[in-house]
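In: need a structure here:
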Amino acid sequence: MLNVKEVRKDFPILETGVIYLDNAASSLTPEPVLQKMLEFYRKYRANVERGVHRLSQRASEEYERAHAKVAGFINAKSEAEIIMTRNTTEGINIVASGLSWKKGDKIVTSLIEHHSNFILWLRVKNRYGADVEIVEPSKPIVHGLLDLADFEKAVDDETKLVALTQVSNVLGVITPIKEIAEIAHDHGAYVLVDGAQSVSHMKVDVQRIGCDFLAFSGHKMCAPTGSGALYVREELIEELEPLCIGGGTIVDVGLDYYELEKGATRFEAGTPAIAEVIGLGAAVDYLNKIGMENIERHEKELTKQIYEGLREIPKVEVYGPEPERKVGITPFNVGDLNPHDVALALDVSANIMVRSGHHCALPLTKNIIHKLGSVRASTYFYNTKEEIDKLTSAVREIAESLT
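Out: Numbering: from 1, shown residues only. Alright, predicted model coming up:
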């Protein structure tokens, strides 16, 4: 059972009276994670996989252990399928740049994607002559729900990759990845999942959903910024060309040749963000201790509370599906007010931090929301029902000021 009051003690920033509802952009980082990172700097600050002295050996053990923790968190077969990255964007770029493309290869994606899982495929189209097909949500389009029948039409034997978000960063809608992966694999296509908004809020099992690639960020799951991971199904590791090569990625080098390491090591060139990776491992420990099922249950309650509370307010337009088909992300607008003005008013009047704008999803904003952007309230396990009451009350005051 989740004890929210007790958990909040790990986040000193919450003691200042701030109501933090910008978790889809970046979560807060708890003290145990910070302490683990400081442990590295204070007790075994050394480079990894380089030295035989005990500090380097300890740092290397902690760094490698983080890979294993991440692998277990998403149920990868082993840490050999885990590449440490700076964020989701870097992970998707590794796949986009690392696959071998030819003219006529087809990429299927959707209208609800973050730019990081959208513009990369347009670049592949421009560079190599690949075809990109964009699947739109079914009606009412404002809910953002993707229909399996549309993927059965879009995915064919020319399709090389299906690239989709598991959870929309704007609408919060959950995508049926497992069923879409089955459609893709029937045609020999790979499946890449943008897990930036899913891994932190729900139990993600890469073997169950059947994806070939999964990218996600640490900074959305209580880890430090500059940390993230890319899961690559073990059979495909050798098919990807690394984005960067150099120190730490080779087996042998001569005057006119080089041989790269096998497995995920070949993708982690140079000195990595050691403390950040160790911090990501500590964040996995922290989330496992709380229990992802407890986090998901708590957020479902908050999501329903926000959804129902905001929909009752005149002049407030809420986007996305009903709560049972989404995670704790709720976008809305208040009349014709600029979303940035609403976000600033919530900050100034009620200490409420939310995100405003197009949320790095302009195709979605232009074709679904049809406004400059939206205000996005996004929850995490340390948020409370009282905070949600304050949000709806503050939004109501803003809406009433328009009359």
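
In: How much space separates the residue nearest to His143 when sequence neighbours are not counted from Ile369?
Out: Spatial nearest neighbour of His143, chain neighbours left out: Pro321 (4.3 Å); criterion: CB to CB, 6 or more residues apart in numbering. C-betas here are computed from N, CA, C, even on glycine. To Ile369, Pro321 is 14 Å away according to CB to CB, to the nearest Å.

In: out of the two, which sits in the busier spot?
Out: Ile369 (22 against 19; other CB atoms under 10 Å).

In: which residues sit in contact with the more buried one?
Out: Residues in contact with Ile369 (CB atoms under 8 Å, 6 or more residues apart in numbering) are Val142, Val170, Tyr319, Pro331, Asn333.

In: of the residues you listed, closest to Val204?
Out: Closest approach between those and Val204, by CB to CB: Val170, at 19.5 Å.

In: Relative to Gly373, how far out is the closest one?
Out: Distance of Val170 to Gly373, given as CB to CB: 9 Å.

In: list residues touching both of those two?
Out: His359, Thr365.

In: of these two, who's got more company?
Out: Val170 (28 against 21).

In: Contacts only, for the more buried one.
Out: Counting by CB under 8 Å, 6+ apart, Val170 makes contact with 112, 144, 319-320, 329, 331, 359, 361, 364-365, 369, 374, 376.

In: if we go to 7 Å?
Out: Residues counted as contacts of Val170 (CB atoms under 7 Å, 6 or more residues apart in numbering) are Pro331, His359, Ala361, Leu364, Arg376.

In: in what helix or strand does it lie?
Out: Under the assignment given by DSSP states H and E, Val170 is not contained in any helix or strand.

In: now the one 10 residues further on
Out: Under the assignment given by DSSP H and E, the secondary-structure element containing Ile180 is helix 177-186.

In: so where's the stretch 301-403 of the chain shaky on pLDDT?
Out: For the stretch 301-403 of the chain, applying pLDDT under 70 flags the ranges 403.

In: now the helices for it?
Out: Using DSSP state H, counting those that start in this stretch, the helices of the stretch 301-403 of the chain run over 339-350, 362-364, 385-400.

In: With the stretch 151-300 of the chain instead?
Out: Per DSSP H, counting those that start in this stretch, the stretch 151-300 of the chain carries helices over the ranges 177-186, 206-209, 274-290, 292-311.

In: thinking again about what came up before, can you pull the buried residues of the helix holding Ile180?
Out: Applying a neighbour-count criterion of 16 or more other CB atoms under 10 Å, the buried positions in helix 177-186 are Ile177, Ile180, Ala181, Ile183, Ala184, His185.

In: Now a ChimeraX select for only the buried ones of the contacts of Ile369.
Out: This is the ChimeraX syntax for the buried subset of the contacts of Ile369, where burial follows 16+ other CB under 10 Å:
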select :142,170,319,331,333
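
In: how does this structure divide into domains?
Out: 4-23+291-400, 33-289 (automatic domain parsing).

In: what sits against the closest residue to Tyr319 other than its chain neighbours?
Out: Spatial nearest neighbour of Tyr319, chain neighbours left out: Pro331 (4.7 Å); criterion: CB to CB, 6+ apart. Listed by CB under 7 Å, 6+ apart, the contact set of Pro331 reads Val170, Leu171, Tyr319, Gly320, Ser374, Val375, Arg376.

In: I'd like a version of those in a markdown table, one that adds distance to Ser393 as further columns.
Out: Formatted as a markdown table, the contacts of Pro331 follow (distance: CB to CB, whole Å):
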| residue | distance to Ser393 |
| --- | --- |
| Val170 | 24 |
| Leu171 | 24 |
| Tyr319 | 21 |
| Gly320 | 21 |
| Ser374 | 20 |
| Val375 | 15 |
| Arg376 | 18 |
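
In: between the buried residues of helix 177-186, which is closest to Gly91?
Out: Among the buried residues of helix 177-186, and counting by CB to CB, the member closest to Gly91 is Ile177, at 15.9 Å.

In: List the residues that contact that closest one.
Out: Counting by CB under 7 Å, 6+ apart, Ile177 touches Leu164, Gln166, Val193, Ile209, Cys211.

In: hang on, the fourth one packs against Ile180?
Out: Think Ile209. No: contact criterion CB atoms under 7 Å: Ile209 and Ile180 do not qualify, at 9.2 Å.

In: Let me know whether Ala66 touches Leu280 as I believe.
Out: Yes: using CB under 7 Å, Ala66 is in contact with Leu280, at 5.8 Å.

In: ok so, going back, from the contacts of Val170, which would you call buried?
Out: Members of those classed as buried by 16+ other CB under 10 Å are Pro331, His359, Ala361, Leu364, Arg376.

In: can you put those in JSON lines and add distance to Gly263?
Out: As requested, the buried ones among the contacts of Val170 are exported to JSON lines (distance: CB to CB, whole Å):
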{"residue": "Pro331", "distance to Gly263": "40"}
{"residue": "His359", "distance to Gly263": "35"}
{"residue": "Ala361", "distance to Gly263": "34"}
{"residue": "Leu364", "distance to Gly263": "36"}
{"residue": "Arg376", "distance to Gly263": "38"}
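
In: In those, find the pair that's most separated.
Out: Within those, Leu364 and Arg376 form the most distant pair, 11.8 Å apart (CB to CB).

In: Since that was my last question, I'll sign off now.
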